[in-house]
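Undergrad: Fold the following and give me the result.
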Amino acid sequence: MYMSVATRADGAPVYAEIAGARVLITGLTSGLGVDVARAFADHKARLVLQSPEGSPAVAELAAVMAESASEMKLFIDNPLDADGAVRFAQNAAQAFGGLDAVINLVPILAEELAGLDTVEAIERLVSDKLLVPTLVGRVAANRMRLTWTQGLVLNVVVMDGTCSPRQAAVAAILRAALASLTRGEAGEWAPQEIRINAIGPKSADPGEPGGATLTSEPDIAALALYLASKKGRTLSGHVFDAEGIAGRRC
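TA: Numbers count the residues shown, from 1 in each chain. Predicted structure coming up:
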């Protein structure tokens with residue numbers, strides 16, 4: 001009997017249907033996304049990787065992943081703006097004739113939080129951070145719709161642990177914005193059987209609902225694989241908790 005999920009010797013699940021899947025990963029750097037990209041490469045996916053970091057480390061990582069992936073294309077771009085995000089997503093969707101999954105990686109670094117002394121400044125940062133993944137996701141979802149693909153868009157926003165009041169405020173506002181965006185996009189694309197999910201920083205607000213917290217990038221990679229597999233096709237509109245992944249934990 002055909003099984004969509006097997007198990008490796010180390011106990012990690014293997015999703016056979018991901019072999020050959022067309023997966024776009026944006027925001028890959030030497031410090032974020034390596035485990036996610038490697039997980040899909042090890043599953044023999046066809047990868048389109050976008051990185052704002054034109055470093056030897058990223059080139060070396062891409063070379064290693066190319067040995068495992070079914071196919072791979074690497075694009076080195078500066079951090080994408082709104083117009084660049086749309087153009088890039090259109091080109092990425094054409095690379096392998098469509099996309100089955102999109103994973104947008106969005107870090108919020110400690111230095112970006114410096115000087116955010118008002119709610120308005122925090123809201124601007126959150127809006128700026130979510131703009132590009134939203135545009136990439138919409139372009140990709142529209143392509144999935146045109147090609148009758150039951151695809152996935154996963155936005156992964158990670159930041160340092162919420163040690164300070166400023167970080168806690170950013171986490172709470174970001175979590176609320178990400179949840180609202182994810183629910184709205186999931187409802188918009190549900191008739192086309194396109195799933196929209198997100199991973200975001202865990203809010204320090206005890207009133208915010210939450211479940212098990214992802215505490216490492218391998219955790220994120222495992223969840224991304226699950227959501228991209230047949231097992232994850234019933235999940236859309238969800239925001240999963242992550243904490244302390246972008247940098248030093250508290």
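
Undergrad: what about the helices in this structure?
TA: Along the chain, counting by DSSP state H, helices occupy 34-42, 56-68, 82-95, 110-113, 119-146, 165-189, 217-228.

Undergrad: Buried residues in the third one, which are they?
TA: So that's helix 82-95. 85-86, 88-89, 92-93, 95 (16 or more other C-beta atoms under 10 Å). Backbone N, C-alpha and C define where each C-beta goes, glycine included.

Undergrad: Now do it: which elements does it pack against?
TA: strand 22-26, strand 46-51, strand 71-76, helix 119-146 (3 or more C-beta pairs under 8 Å, 6 or more residues apart in numbering; DSSP states H and E).

Undergrad: With mean neighbour count, distance to Tyr226 and mean pLDDT as extra columns, can I get those in TSV?
TA: Listed next are the helices and strands packed on helix 82-95 as TSV, based on neighbours: other C-beta atoms under 10 Å; distance: least, C-beta to C-beta, whole Å; pLDDT from 0 to 100:
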stretch	mean neighbour count	distance to Tyr226	mean pLDDT
strand 22-26	27	14	97
strand 46-51	25	18	96
strand 71-76	17	22	94
helix 119-146	18	19	94
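
Undergrad: follow-up on the earlier one: dump the helices of the chain into CSV; add distance to Arg22 as well.
TA: Converted to CSV, the helices of the chain look like this (distance: least, C-beta to C-beta, whole Å):
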stretch, distance to Arg22
helix 34-42, 10
helix 56-68, 15
helix 82-95, 8
helix 110-113, 32
helix 119-146, 10
helix 165-189, 17
helix 217-228, 11
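
Undergrad: Cheers, nothing more for now.
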